[in-house]
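Participant: Need the 3D shape of this:
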Amino acid sequence: MRRFDPAYVELRQALAAGACGAPLLLHCVSRGVSSAPGATDEFSVTGSAIHEFDTVPWLLGSPVTEVSWHAARATTAVSGLRDPHLMLLRTADGALTTVEVFLNAGYGYGIRCEVVGEQGALALTNPARLVTDSVRARSLGYPADWRPRFADAYRLELQAWTDAVATGGPSPLATAHDGLVAGAVAEAVIASMKDGGRTVAVQVPEV
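Facilitator: So this is what the prediction gives:
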């Protein structure tokens, strides 16, 4: 659904127009209030970072070729889960992406993405719609989960699908092969997780 999020769509268009020159680095951050009961290290990859594994190649127009996984000192908010995680992705164009997943950040749900290019940088802004002025301070709110942040993206995605069904035209949605590719990146990240963070090449099964 991030392919339909207005902010990500605008970011992709700006990249295609050369607004920051050739991309060199991407920084992706995904933080939540608290993890789901029974969440595991692998779930951080397949349930959260998987979105970046689809979004990064879509933004750059270049597939992920190798990955590595790393964990900081784990938060004391939970036990049995190494949280946060940091993943490094290298795409075929040579760009390097950092992906941070912090399921138990506590303060709110937040998504960030910055692209650093040869001639500038592009970044998503906080889509908060309300500014609060109180007790001599100004603040922006965070949503409690993903639903407010990506409501428009899901609505636009579903509308695109129904329009394609109604007209019999091609669907603009991510394909089954796109899902297979993102799954292959996730498998490589988990392999790195289980092998001390070594760099692992992404192997996409033939279809």
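
Participant: Centre-most residue in the chain?
Facilitator: Residue closest to the mean C-alpha point of the chain, counted by CA atoms, centre = their mean, is E52 at 2.9 Å.

Participant: Would you mind measuring from the nearest residue to A74 once chain neighbours are set aside to Y107?
Facilitator: For A74, ignoring the flanking residues on the chain, the nearest one in space by CB to CB, 6 or more residues apart in numbering is R82 at 4.9 Å. All C-beta atoms are positioned from the backbone trio N, CA, C, and that covers glycine. Look at R82 and Y107: by CB to CB, to the nearest Å, they are 20 Å apart.

Participant: Counting neighbours, go ahead and name the busier of those two.
Facilitator: Between R82 and Y107, R82 has the larger neighbour count (other CB atoms under 10 Å), namely 17 against 9.

Participant: Pull the number of nearby residues for A14.
Facilitator: 16.

Participant: helix or strand for it, which one?
Facilitator: helix 6-16 (DSSP states H and E).

Participant: Can you name every helix or strand that that helix contacts?
Facilitator: Under the contact criterion of 3 or more CB pairs under 8 Å, 6 or more residues apart in numbering; DSSP states H and E, helix 6-16 touches helix 50-60, strand 110-117, strand 120-123, helix 146-167.

Participant: now the helix or strand following the third one: how far from the chain's centre is it?
Facilitator: Tracing the chain past strand 120-123, the next element assigned as helix or strand by DSSP H and E is strand 131-134. With CA atoms, centre = their mean, to the nearest Å as the basis, the distance from the averaged C-alpha position of strand 131-134 to the chain average is 29 Å.

Participant: what do you get for stretch 165-178?
Facilitator: 22 Å.

Participant: Now do the same contact list for A74.
Facilitator: Residues near A74 by CB atoms under 8 Å, 6 or more residues apart in numbering: 81-83.

Participant: where does this structure have low pLDDT?
Facilitator: Low-confidence segments of the chain, defined by pLDDT under 70: 207.

Participant: Swap in 80 and give it another go.
Facilitator: For the chain, residues meeting the criterion pLDDT under 80 lie at 127-129, 206-207.

Participant: Around T91, how many other residues sit close by?
Facilitator: Neighbour tally, T91, other CB under 10 Å: 21.

Participant: All good on my end, thank you.
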